[in-house]
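> Predicted coordinates and the sequence they were generated for:
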Protein chains: 4
Amino acid sequence: MQLGLIGLGKMGKNMRERIRRAGIEVVGYDRNPAVSDVASLEDLVAALAAPRIVWIMVPHGDPTTQTVAALKELLDPGDLVIDGGNSYYKDDAVNADSLAERDIHYVDCGVSGGVWGLEEGYGLMAGGSREDVERAMPIFDALRPEGPREDGFAHSGEVGAGHYAKMVHNGIEYGLMHAYAEGWELLEAKDIVTDVHGTFRAWTRGTVVRSWLLDLMVKALEETPHLEGVSEFTTDSGEGRWTLMEGIDNAVPMPVLAAALFARFTSRQENSPQMQAVAALRGQFGGHAVQM
Amino acid sequence: MQLGLIGLGKMGKNMRERIRRAGIEVVGYDRNPAVSDVASLEDLVAALAAPRIVWIMVPHGDPTTQTVAALKELLDPGDLVIDGGNSYYKDDAVNADSLAERDIHYVDCGVSGGVWGLEEGYGLMAGGSREDVERAMPIFDALRPEGPREDGFAHSGEVGAGHYAKMVHNGIEYGLMHAYAEGWELLEAKDIVTDVHGTFRAWTRGTVVRSWLLDLMVKALEETPHLEGVSEFTTDSGEGRWTLMEGIDNAVPMPVLAAALFARFTSRQENSPQMQAVAALRGQFGGHAVQM
Amino acid sequence: MQLGLIGLGKMGKNMRERIRRAGIEVVGYDRNPAVSDVASLEDLVAALAAPRIVWIMVPHGDPTTQTVAALKELLDPGDLVIDGGNSYYKDDAVNADSLAERDIHYVDCGVSGGVWGLEEGYGLMAGGSREDVERAMPIFDALRPEGPREDGFAHSGEVGAGHYAKMVHNGIEYGLMHAYAEGWELLEAKDIVTDVHGTFRAWTRGTVVRSWLLDLMVKALEETPHLEGVSEFTTDSGEGRWTLMEGIDNAVPMPVLAAALFARFTSRQENSPQMQAVAALRGQFGGHAVQM
Amino acid sequence: MQLGLIGLGKMGKNMRERIRRAGIEVVGYDRNPAVSDVASLEDLVAALAAPRIVWIMVPHGDPTTQTVAALKELLDPGDLVIDGGNSYYKDDAVNADSLAERDIHYVDCGVSGGVWGLEEGYGLMAGGSREDVERAMPIFDALRPEGPREDGFAHSGEVGAGHYAKMVHNGIEYGLMHAYAEGWELLEAKDIVTDVHGTFRAWTRGTVVRSWLLDLMVKALEETPHLEGVSEFTTDSGEGRWTLMEGIDNAVPMPVLAAALFARFTSRQENSPQMQAVAALRGQFGGHAVQM
């Protein structure tokens, strides 16, 4: 079996390696010639026998849109494109419809696992027709963790469902991280638990809060016991916002996600304008000194 | 009529003036001789004819406790002590019980209005027996705004009810201020409303959001159109925390108050520990660079 | 001066009356012949001398879009259309561009005040060119409260700015209402303040939390002292969601608005799915009985 | 080695079994004679050779206080009492001081794991002196999961630290559960992911959100695919409230915990009073019909 893989960044490079280990031939393309197997998209397509499967693993938005547009020209009817990036789920219908004009098939696939996926396997959520998803199953099987397929792979629904599932997955992730973070700050702030790192480590087995994120938190604390020097500055990459907007659109209260997302916004502000306003108001009625 | 008034800070000094304007004789005492009418608490008590009314207007906690203890020794049975500071409502029962041992009466009174109260009158919420509250009514009438008594004064309940009402009043105030602050930040962040100050001013009459706090916000923006140089650093003086704890104790969800209070906590942090933890976690799974 | 006014519902009917009281001739049209001055849009246009001003006051979305489309056909170059409904600000550019094809001018205007506006005047926020806004000023002056124009009217910016300002106004309103509501619930839940209605009334003058919404709360409590029989079920009409989405888009934390909006979502759920999930989880690890 | 174990409810009974499997003799006492090994606390003490270790596993508050008081009379100097229940951390100092009057030692120990602990082991967090904790180590080793001690046991600090750590653990747990719950509700509300259960299952391996709670969620969905018939009604057992109060006391923002806790409060309300207030307010200004 063959796979064309476009985008060999942090995620793509590891995925190429994992798929190859499963005995599948992978032809990888990246704008960076140092990591690319071929010189161009044309070469990638030429290196694959039809009907082809081509997996896109580039940033969402324009890079993905342009890659789909290029593949639409280069591929043949009957070929299959899989978008494995973190695309917005509404883009999937657009991409699928565009490719369908040339009878090129489309599957969207959410991929979770970060840099650990190479060794531990990736959690996968696919959206598309049953036939297309089945066709790509050897790829999914190579990427997902060993064990029962259902524990690391889902055919979540039609086109768009894979990215929607991944979006919600990431929204949940925001909340999980923030829950641990709040608890950690409290334990550090109060001088009663003298071994915070050890306490977090003791939670990694047997407890109700054990999780992979907790393992990572313990690992981070092993490296930097009180996170000395770590900046609060935290970006957000889109899925958290999208998930919250979906909550709003569907009248689903998402207070935990909102709190986690807003904390990221605040982490990037030097001087919170809304708190300036509160401070100014207090100054007006209370004669509280407004610090400059 | 006479009143003894202890504590002549920002609030107390204005209150003395307003009560005097109503034709009541006020003997004020403050540790600061520059503003005090008498040299000591003993002199204050001596200057008043029994049965006396003495109003305490000092910071809550120890200063109030110590003043109550001193008055317990100095006053006579039948005298009345009013605590008009922002005391914790649970302190009222303690103070009332202690004074009752010498048959000294006790009323707690929440006072709202800030530095504007001198001219506009203070909103008052009193807790105590009907008899004690009636006895102090000329003082309350002097302090409250002109107009119907019920629009600026309430006998909220037994001892403690006045401070409880004031505590909740302040909890609400946190939420109101933050609601305006969020809206202001959004209008400043988005480049579509080019006259944010004018828009806030246009809200002061006719609209659903008109309020005294809005008037103050407009005033603040007149002085500093974009709050340039105002620090986000915002303290909290107790009532917000107490109100939220009461919500927790009584299983009353208070998400708006919690949000406003937490934003103040965050405003005082240079580098949020919980966001350090989130940043560290992201670094672990995503290979995201952790900024130092 | 003449004005064409389309939409004579709760808001429009009162506005017609207020503008007429200012001595301006208003020709009103509504689908409901019982309140309409003319039989059709055609008749409305025919009744006005060019250059005309026509104010749209119909529900946002399709009704407004269709009205704009109809006016585009019926009006003459140089006429001015004002959308005073609660339209989404992104619709304004579309409407303005469409009308500009026939050289018809466009202003958007946020209108606040509810059913009280007839007597108290409406707070207004206009978006459009200086020239167009000036031209409609007699209408704005008729609608806004008496007193300085700047206290009840703002020219907030170019087309779209009026509705953006009104959207944020409504977002703030959500937070304000919820802040009072939380405080009221706590006072009702705790058995210390025995006169909750009286306490709220005492806040209406002199205090920091005094506002028009507080006046309305007192009025509601006069009618129904403990809100007996009032349903929690609360709809949301769009602006709250839009404002929160704008916060997300512009990385402005809006925890107070989010809390208020989510509480409305929850108020409409018989059995919260997310709490079903929490209950089910607790049943799994704790052996807690899951109530059916 | 011997252990006295008081309280053989859902947790205690399983713990007795697990400790016995490790070859330690356990004498269990419970008010319920059907599960008790001895007829009385006196018999329990008599059955153990001094110096004794007695583990309390009864509900926090009065039941624990009374058990400590009884043991103070019955035990000998040099004996060790361990409170393994979910006691408030401030009770620990009281209990330890009281027992110290008779030279009886005290350790508090947070225990996590629920009904699964029997087979999987319990996560443990102990507070007390190094000597006392060492002395009880065979019991801790019997209870904790197999593997490195540090992965399932921590000596978190002096007396009180164990319960403090457990309290924060539970506070985190609230947030984690709610994060999954929000995501689940959104997936159920939106009709794009057609296999929600399968998607959750696919997250259990490889993904960033994998955790034991997620495994339990999948198990719950296996039993009841859409949680049909599960009530939203969710109690809270103390630790969530205590953790939030600690956050307030220590000026640590805990928006995620607050959201999760408040959602539980709301889940128990038939008709939210605060939403009644919002509905009533809207009725006042908007003429919106207030549903009864």
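Here it is on my side, so go on. Numbering: from 1, shown residues only, chains lettered A, B, ... in the order given.
> And the helices in the stretch 101-250 of chain A, which stretches?
With DSSP state H, counting those that start in this stretch as the criterion, the stretch 101-250 of chain A has helices at A:117-120, A:130-135, A:137-143, A:161-189, A:196-202, A:212-223, A:239-249.
> The fourth one near chain D at all?
In other words, helix A:161-189. Yes. Against chain D, helix A:161-189 shows contacts by Cβ under 8 Å from any Cβ of the partner chain at A:161, A:164-165, A:168-176, A:178-180, A:182-183, A:185-187, A:189. C-beta coordinates here come from the backbone N, C-alpha and C atoms, glycine included.
> looking at it, A:Leu41 is touching A:Gly28, isn't it?
No. Under the criterion of Cβ atoms under 8 Å, A:Leu41 makes no contact with A:Gly28, lying 11.5 Å away.
> How about A:Gly157: what's its closest non-neighbour residue?
Of all residues not flanking A:Gly157 in the chain, D:Thr194 sits nearest, at 4.0 Å (Cβ to Cβ, 6 or more residues apart in numbering or on different chains).
> do you know which of the helices of the stretch 101-250 of chain A lies nearest A:Val68?
When the helices of the stretch 101-250 of chain A are compared for distance to A:Val68 using Cβ to Cβ, the nearest one is helix A:161-189, at 13.5 Å.
> Would you enumerate the residues in contact with A:Gly28?
Listed by Cβ atoms under 8 Å, 6 or more residues apart in numbering or on different chains, the contact set of A:Gly28 reads A:Gly4, A:Leu5, A:Ile6, A:Leu8, A:Gly12, A:Lys13, A:Arg16, A:Val35, A:Ser36, A:Asp37, A:Val38, A:Leu44.
> So in terms of bridging, what pairs with it?
Beta bridges link A:Gly28 to A:Leu5 when assigned by DSSP bridges.
> what's stretch A:222-240 in contact with?
Identification of contacts with stretch A:222-240 by Cβ under 8 Å, 6+ apart yields A:60, A:86, A:88, A:166-167, A:169-171, A:174, A:188, A:196-197, A:220-221, A:257, A:260-261, A:263-265, A:267-268, B:271-273, B:275-280, B:282, B:288, B:290-292.
> near chain C, from those?
Among those, the ones lying near chain C by Cβ under 8 Å from any Cβ are A:Leu261, A:Ala263, A:Phe265, A:Arg268.
> Counting by contacts, list what the helix or strand containing the second one packs against.
Assigned by DSSP states H and E, A:Ala263 belongs to helix A:255-267. The contact analysis (3 or more Cβ pairs under 8 Å, 6 or more residues apart in numbering or on different chains; DSSP states H and E) places helix A:255-267 against helix A:161-189, helix A:239-249, helix B:255-267, helix B:273-286, helix C:255-267, helix D:161-189, helix D:255-267.
> what angle separates it from helix D:255-267?
Here helix A:255-267 points in a direction 150 degrees away from that of helix D:255-267 (axes from the mean of the first three to the mean of the last three Cα atoms, to 10 degrees).
> same question for helix A:255-267, mean pLDDT?
Confidence over helix A:255-267 (mean pLDDT, whole number) is 98.
> Now do that helix: distance to the chain's middle.
On the basis of Cα atoms, centre = their mean, to the nearest Å, helix A:255-267 sits 18 Å off its chain's mean C-alpha point.
> Ok, stretch A:145-158 next?
Centroid displacement of stretch A:145-158 relative to its chain, using Cα atoms, centre = their mean, is 17 Å.
> now stretch A:8-28
Averaging C-alpha positions (Cα atoms, centre = their mean) puts stretch A:8-28 18 Å from its chain's average.
> And it, what's buried?
For stretch A:8-28, the neighbour count (16 or more other Cβ atoms under 10 Å in any protein chain shown) marks A:8-9, A:11-16, A:18-19, A:24, A:26-28 as buried.
> Now do the end-to-end distance for it.
7 Å (Cα to Cα, to the nearest Å).
> what is the orientation angle of the longest strand seen in chain A with helix A:161-189?
Longest strand in chain A by number of residues (criterion: DSSP state E): strand A:105-112. Going by the same axes, to 10 degrees, strand A:105-112 is angled at 10 degrees with respect to helix A:161-189.
> Okay, buried residues for strand A:105-112 please.
For strand A:105-112, using 16+ other Cβ under 10 Å, the buried residues are A:His105, A:Tyr106, A:Val107, A:Asp108, A:Cys109, A:Gly110, A:Val111, A:Ser112.
> same question, stretch A:145-152
For stretch A:145-152, a neighbour-count test (16+ other Cβ under 10 Å) marks A:Pro145, A:Glu150, A:Asp151, A:Gly152 as buried.
> ok, it near chain B or not?
No. If you take Cβ under 8 Å from any Cβ as the test, stretch A:145-152 misses chain B, and the best it gets is 15.1 Å.
> what residues are up against the nearest residue to A:Val58 once chain neighbours are set aside?
Leaving aside its sequence neighbours, A:Val58 sits nearest to A:Gly7 (Cβ to Cβ, 6+ apart; 3.9 Å). The contact partners of A:Gly7, taken as Cβ under 8 Å, 6+ apart, are A:Tyr29, A:Asp30, A:Ile56, A:Met57, A:Val58, A:Thr67, A:Gly85.
> from these, which ones fall inside helices?
In helices, defined here by DSSP state H, the members of the contacts of A:Gly7 are A:Thr67.
> which among the contacts of A:Gly7 gets closest to chain C?
Of all these, chain C sits closest to A:Gly85, with 21.2 Å by Cβ to the nearest Cβ.
> Next step: the contacts of A:Gly28 restricted to helices.
A:Gly12, A:Lys13, A:Arg16, A:Leu44.
> Would you point out the most distant pair within the residues you listed?
Farthest apart among the ones in helices among the contacts of A:Gly28 - using Cβ to Cβ - are A:Lys13 and A:Leu44, which lie 15.4 Å from each other.
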